[in-house]
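# Could you look at this predicted model? Sequence included:
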Amino acid sequence: MVNMEKIINLCKNRGFINLSSEPYGGFSSCYDYGPLGVELKNNIKKAWWDEMTKKHDNIVGLDAAILMSPKVWQASGHLSAGFADELVECKKCHKRFRFDEIVNSKTQTQNLKCPDCGGEITSPKKFNLMMKTFVGPVEDEAAITYLRAETCQGIYMNFEWVKNAMRLKIPFGIAQIGKAFRNEITPGNFIYRTREFEQMEMQFFVKPEDADKWFDYWKEQRMNWYLSLGIKKENLRFHEHKKNELAHYARKAFDIEYNFPFGWHEIEGIHHRGDWDLSNHSKYSGKDLSYFDETTKEKYIPYIIETSCGADRILLAFLIDAYSEVKGGRTKTTKSTKEIEIVLKINKKLAPVKVAVLPLLKNKEEITKKAQEIFDALKLSFVCQYDEVGSIGRRYRRQDEIGTPYCVTIDFQTLKDNTVTARDRDTMEQKRIKIEELKEFLEKNLEI
Ligand code: GAP
């Protein structure tokens with residue numbers, strides 16, 4: 001059974017994710033991605049980018065700045081009460097909680113007790129989540145700005161420019177991947193809720209009367225994307241926001257939730273933002289951000305359907321979903337029946353390492369030389385690892401643990417007939433393949 005401790009250990013031990021500022025004991029729920037983590041995250045981002053911008057020819061990309069005029073955040077409503085969590089503190093143990101996390105509809109809000117020690121808690125206080133900073137050398141009021149709390153505001157700032165430059169007609173979308181920052185009161189559950197995270201957001205601009213239709217379309221598209229990348233159906237569900245859960249900008253919202261070891265939680269939001277953003281930015285900036293339809297001669301503020309997910313949060317969901325253990329082991333190297341083999345059955349497109357090249361013996365020069373040649377021939381096309389340390393079984397296990405789809409082994413037969421074996425991670429089936437056909441075989445099976 002997967003739990004967070006196992007996932008955190010795998011991430012730490014195999015170079016996926018580590019605490020930020022580790023020599024200082026970590027910092028403020030921030031995390032660093034190591035060699036395998038960065039490959040996995042890049043693969044997730046690429047899969048999303050391809051899905052959005054290649055599959056849909058009316059969606060284009062953008063990379064806007066993290067720092068923007070503070071006026072953006074006034075207009076968007078993020079500096080007011082709408083983008084604030086309610087914070088409570090235990091008067092006895094002084095632990096802080098988000099009010100909405102400890103209150104439920106059945107509880108009397110007046111008699112709330114600390115979930116940890118049962119102490120009395122303070123009344124809730126609003127706490128704004130924007131991360132403040134200063135631009136320039138003088139740290140006064142005039143120099144205050146904010147690290148963006150959602151990437152989509154950069155898209156609204158460029159709506160007019162991108163539409164005109166690319167001659168886009170409604171409906172169309174703009175997609176962006178980038179860092180966002182929130183001064184979360186209760187970060188936690190590893191990379192699930194952090195103060196610095198990466199969002200993948202797409203804003204789809206539509207005619208107001210078509211908004212509901214597009215909302216349903218994107219809801220379905222986004223759920224299918226997770227399923228197409230192998231997340232188990234039973235671990236995904238929709239959650240519709242009730243009126244009191246809706247963000248300040250949303251008219252309607254559905255979360256896609258994943259069944260984490262710590263419960264069902266949001267990984268992506270599909271939001272009907274109506275004309276909230278473009279109307280407010282028109283009003284605050286004085287620049288008319290309405291759309292003119294050349295064919296019908298209609299002028300209107302487009303409605304926005306947003307799909308918004310966190311790259312870090314879904315990476316965690318992909319890791320948890322792919323994690324499997326085989327008790328007693330499935331390879332001969334597992335000596336004890338108590339020993340457990342980990343197999344990360346992650347979608348091949350997302351796997352951080354695609355191919356491992358393994359000489360059967362490390363002290364047989366003809367074999368290692370050949371293996372090195374094969375590694376050199378493959379490494380520019382696939383993320384590869386060369387490994388000659390330990391028994392072949394141990395090496396297979398190391399690769400299974402990080403989800404490498406294929407292990408290519410160079411053995412004595414290779415020296416006779418120029419063939420190698422390609423071992424499939426999931427079936428453990430070994431196929432003999434001619435070296436000259438190996439690249440094609442891998443491309444085909446890795447769907448590259
Ligand atoms: N633009 C809309 C928006 O930002 P959100 O529901 O606040 O909506 C969207 O965030 C997604 O961003 C979430 O579903 C989650 O995947 C990710 N996200 C939000 N806050 C996060 C945090 N503190 N840490 C990690 N990911 C976060």
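Everything's here; your move.
# Run through the bridge partners of residue 269.
residue 255, residue 308 (DSSP bridges).
# Pretty sure it sits against residue 253.
Yes - Residue 269 is within contact range of residue 253, at 5.9 Å (criterion: Cβ atoms under 8 Å). (Each C-beta comes from the backbone N, C-alpha and C, glycine too.)
# Please enumerate the shared neighbours of these two.
In terms of Cβ atoms under 8 Å, 6 or more residues apart in numbering, residue 269 and residue 253 are not both contacted by any residue.
# Of all the residues in the host helix or strand of residue 284, which ones are buried?
Here residue 284, judged by DSSP states H and E, is contained in helix 276-285. Buried residues in helix 276-285, defined by neighbour count with 16 or more other Cβ atoms under 10 Å: 276-278, 280-282.
# cool, stretch 81-91 as well?
Neighbour-count burial for stretch 81-91, counted by 16+ other Cβ under 10 Å, picks out 83-90.
# ok, now stretch 432-444?
In stretch 432-444, counting by 16+ other Cβ under 10 Å, buried: 433, 435, 438, 441-442.
# Between all of those residues, which two are separated the most?
Farthest pair in the buried residues of stretch 432-444 (Cβ to Cβ) is 435 and 442. Separation: 11.7 Å.
# list the residues that contact both of those two?
With Cβ under 8 Å, 6+ apart, residue 435 and residue 442 have no common neighbours.
# Now for the nearest residue to residue 266 once chain neighbours are set aside: which residues touch it?
Excluding its sequence neighbours, the residue lying closest to residue 266 (Cβ to Cβ, 6 or more residues apart in numbering) is residue 255, at 4.1 Å. Contact analysis of residue 255 by Cβ under 8 Å, 6+ apart lists 238-239, 241, 266-270.
# with these in mind, which one is nearest to the ligand?
The shortest approach to the ligand among the contacts of residue 255 belongs to residue 269, at 3.8 Å (Cβ to the nearest ligand atom).
# residue contacts, the residue in the stretch 1-150 of the chain positioned nearest to the ligand?
Per Cβ to the nearest ligand atom, residue 150 is where the stretch 1-150 of the chain lies closest to the ligand, at 3.6 Å. Contact analysis of residue 150 by Cβ under 8 Å, 6+ apart lists 78, 180, 199, 201, 308.
# before we move on, what about residue 21?
Applying Cβ under 8 Å, 6+ apart to residue 21 gives the contacts 27, 30.
# Need the pLDDT of it.
pLDDT, residue 21: 97.
# where's residue 406 relative to the ligand, distance?
If you measure residue 406 against the ligand using Cβ to the nearest ligand atom, to the nearest Å, the figure is 31 Å.
# Just the terminal-to-terminal distance for stretch 198-212.
28 Å (Cα to Cα, to the nearest Å).
# Which element, helix or strand, includes residue 118?
Under DSSP H and E, no helix or strand contains residue 118.
# that older thread, just checking, what packs against the helix or strand just after the helix holding residue 284?
As assigned by DSSP H and E, the chain's next helix or strand after helix 276-285 is strand 291-292. Applying 3 or more Cβ pairs under 8 Å, 6 or more residues apart in numbering; DSSP states H and E, one finds that strand 291-292 makes contact with strand 299-300.
# again, only this time at 10 Å
The elements that strand 291-292 packs onto, with contact taken as 3 or more Cβ pairs under 10 Å, 6 or more residues apart in numbering; DSSP states H and E, are helix 159-165, strand 299-300.
# near the ligand, which residues of this protein show up?
Within the chain, the positions near the ligand by Cβ under 6 Å from any ligand atom are 150, 152, 182, 184, 193-194, 197, 199, 201, 266-269, 306, 308-310, 312-313.
# Just give the closest residue to residue 378, not the sequence neighbours.
Nearest one to residue 378, counting by Cβ to Cβ, 6+ apart, is residue 384 at 5.2 Å.
# what's the answer for residue 101, then?
Closest residue to residue 101 apart from its sequence neighbours, by Cβ to Cβ, 6+ apart: residue 186 at 6.7 Å.
# Just say helix, strand or coil for the one you found.
Applying DSSP: H, G, I helix; E, B strand; the rest coil to residue 186 yields a three-state assignment of coil.
# Contact partners for residue 65?
148, 154, 157, 178 (Cβ atoms under 10 Å, 6 or more residues apart in numbering).
# Kindly recompute the last result at 8 Å.
residue 154.
# Ramachandran angles for it?
Reported as degrees, to the nearest 10, the phi and psi values for residue 65 are phi -70, psi 150.
# Neighbours of the closest residue to the ligand within the stretch 201-350 of the chain, how many?
Proximity to the ligand, evaluated over the stretch 201-350 of the chain using Cβ to the nearest ligand atom, is greatest for residue 310 at 2.8 Å. Neighbour count of residue 310, defined by other Cβ atoms under 10 Å: 23.
# One more: the one 3 residues further on?
Counted with other Cβ under 10 Å, residues neighbouring residue 313 total 23.
# nearest residue to it other than its sequence neighbours?
Closest to residue 313 by Cβ to Cβ, 6+ apart is residue 267, at 5.2 Å.
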